[in-house]
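In: Predicted structure and sequence below. I'll ask about it afterward.
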Amino acid sequence: MTHTQSYPFPEDACKIEGMFYITPKKNSARKFSFKKIPLPALPEHHLLEGKRIREVPDYCGNGRIYLNTGVYKKLTQELELSVHVENGGYLLGNAYRFPGSPENENDPDFKWWISIDYIIPAQSFYGTPGMLLFTGDSWSHIHRLLDRKYKDLKLLGWYHTHLFDATPEMGLSSMDLDLHRRFLPLPWQIALLINIQQNNDRIIRCFQKSLQNVFLEMPYYDLD
């Protein structure tokens with residue numbers, strides 16, 4: 001069988017980032033398989049001092065979020081955001097375990113905290129007044145940045161805008177939840193929502209996915 005007969009994609013398909021070609025094995029060839037490599041445990045670190053910015057009554061999650069002063073100011077004032085279509089991007093920084101927390105992130109007693117240090121607007125996204133779609137190029141771009149420029153940092157989550165006032169009933173959409181579950185599955189990876197109010201004020205809300213696959217709004221802290 002020729003290469004074109006056994007390989008149904010165009011010849012240049014493997015030039016796309018993340019794609020590669022595996023030569024078809026002969027019947028007598030040794031079998032191989034892919035094995036998922038577990039991620040290393042988060043380092044343990046004591047909590048930092050910080051003023052709570054947003055109160056969330058009855059929060060029952062297992063995480064804590066710190067925004068340094070520059071990041072908070074950028075999100076609420078300086079970041080260029082459209083008032084006509086939804087915008088979004090990525091959150092970079094560091095992630096730690098609470099002192100004494102189990103290393104296993106699937107343990108019910110696992111507790112974490114993150115420090116958001118950089119806001120990276122997404123590239124190659126598609127936004128409408130009521131929807132935001134990150135393309136494959138968007139994800140490729142942020143992972144290239146992590147590999148080349150921010151090697152010591154982690155992808156802590158993503159942010160996007162809603163073009164209406166924040167209300168308890170209107171949080172993340174079903175599409176938002178699906179995107180988060182697919183691409184940001186770790187318990188300390190968060191979704192940050194920026195509601196652009198009618199008076200152009202910006203309300204910041206943060207959400208984590210619990211081990212029960214439920215999204216919880218979280219309080220967050222200012223870290224100068």
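Out: That came through fine.
In: In contact with residue 150, which residues?
Out: For residue 150, the residues meeting the contact criterion (Cβ atoms under 8 Å, 6 or more residues apart in numbering) are 92, 118. In short, each C-beta sits where N, CA and C put it, glycine included.
In: Also residue 106?
Out: Residue 106 neighbours (Cβ under 8 Å, 6+ apart): residue 211.
In: which element is it on?
Out: With elements taken from DSSP states H and E, nothing contains residue 106; it lies in neither a helix nor a strand.
In: gap between it and residue 128?
Out: Using Cβ to Cβ, to the nearest Å, one gets 36 Å for the distance from residue 106 to residue 128.
In: Equivalent analysis for residue 210, please.
Out: The spacing between residue 210 and residue 128, counted by Cβ to Cβ, is 30 Å.
In: just so I have it, where are all the helices in the protein?
Out: Defined through DSSP state H, the helices belonging to the chain, from first to last, are 3-6, 69-73, 136-148, 174-183.
In: Lowest average confidence across those, which one?
Out: The stretch with the lowest average pLDDT out of the helices of the chain is helix 3-6, scoring a mean of 48.
In: Who has more neighbours out of residue 210 and residue 128?
Out: A side-by-side neighbour count of residue 210 and residue 128, using other Cβ atoms under 10 Å, places residue 210 first with 14 against 11.
In: Just the pLDDT at that one, thanks.
Out: If you check residue 210, the pLDDT there is 90.
In: what are the phi and psi angles of it?
Out: Residue 210 adopts backbone torsions of phi -80, psi 170, taken as degrees, to the nearest 10.
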